[in-house]
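1. Provide a 3D model corresponding to the input given below.
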Amino acid sequence: MGDSTITIIAIFLAAILMFVFPLMAMSDRADDVSQLNVQTLTTEFVDNVRTTGKLTEANYSKFIQQLDSTGNTYDVELEAQILDENPGKKATQADTTKIGENVYYNVYTSQILEELGKNNIKAFKEGDIFSVSAKNTNATISQQLKNAFYRVTGNDTYQISASHSGIVTVNGN
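-> Numbering: from 1, shown residues only. As a prediction, the model looks like this:
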């Protein structure tokens with residue numbers, strides 16, 4: 001009886017070592033590839049907006065479609081810090097004749113998408129800051145296996161994420 005119990009345990013451990021751990025390693029690599037792809041797509045998307053000075057409905061739809069092609073779902077957040085230039089006299093900080101400073105106001109995803117829905121374009125001006133972040137919302141195979149074996153759980157855990165931002169270099173009018 002003792003030998004058969006040890007044999008069953010040994011077969012079970014061998015099955016885990018032969019099948020589960022390689023599956024975990026392969027799914028981790030798949031997440032790494034998706035991570036690299038999402039980071040590259042996000043960087044290219046932001047750099048396109050920065051160099052053209054405009055965000056179009058077509059470019060945004062293409063970006064979302066490319067993200068979806070990784071096989072995961074993503075929460076994409078857009079943010080634009082719009083330069084609100086004071087038309088007063090520009091001077092150094094130490095100058096007492098200074099009228100005002102340049103300040104930024106923020107525009108977020110819902111506001112940007114609303115304008116895209118109306119005009120099919122969101123134009124930026126030189127000096128605005130545009131940023132995008134994308135996080136996966138589904139549990140990947142790697143996350144599911146880790147949750148099963150390591151009990152790593154949580155509502156806000158995500159494996160794949162990317163963010164990029166930059167200053168717009170041209171007027172998009």
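2. contacts, neighbours, all on C-alpha from now
-> Noted.
3. packing partners for the lengthiest strand in the chain?
-> Criterion DSSP state E: the longest strand present in the chain is strand 74-84. Counting contacts by 3 or more Cα pairs under 8 Å, 6 or more residues apart in numbering; DSSP states H and E, strand 74-84 packs against strand 103-108, helix 109-119, strand 129-136.
4. Between strand 129-136 and it, find me the angle.
-> 170 degrees (axes from the mean of the first three to the mean of the last three Cα atoms, to 10 degrees).
5. re the thing from before, of the helices and strands packed on strand 74-84, which approaches Ala14 most closely?
-> Closest approach to Ala14 among the helices and strands packed on strand 74-84 is made by strand 129-136 (33.3 Å; Cα to Cα).
6. ok now stretch 72-86, how far from the chain's centre?
-> Distance of stretch 72-86 from its chain centroid, counting by Cα atoms, centre = their mean, to the nearest Å, is 12 Å.
7. Show me what counts as buried in that stretch.
-> Asn72, Thr73, Tyr74, Val76, Leu78, Glu79, Ala80, Gln81, Ile82, Leu83 (16 or more other Cα atoms under 10 Å).
8. Which of those sits closest to Ser61?
-> Val76 (11.7 Å).
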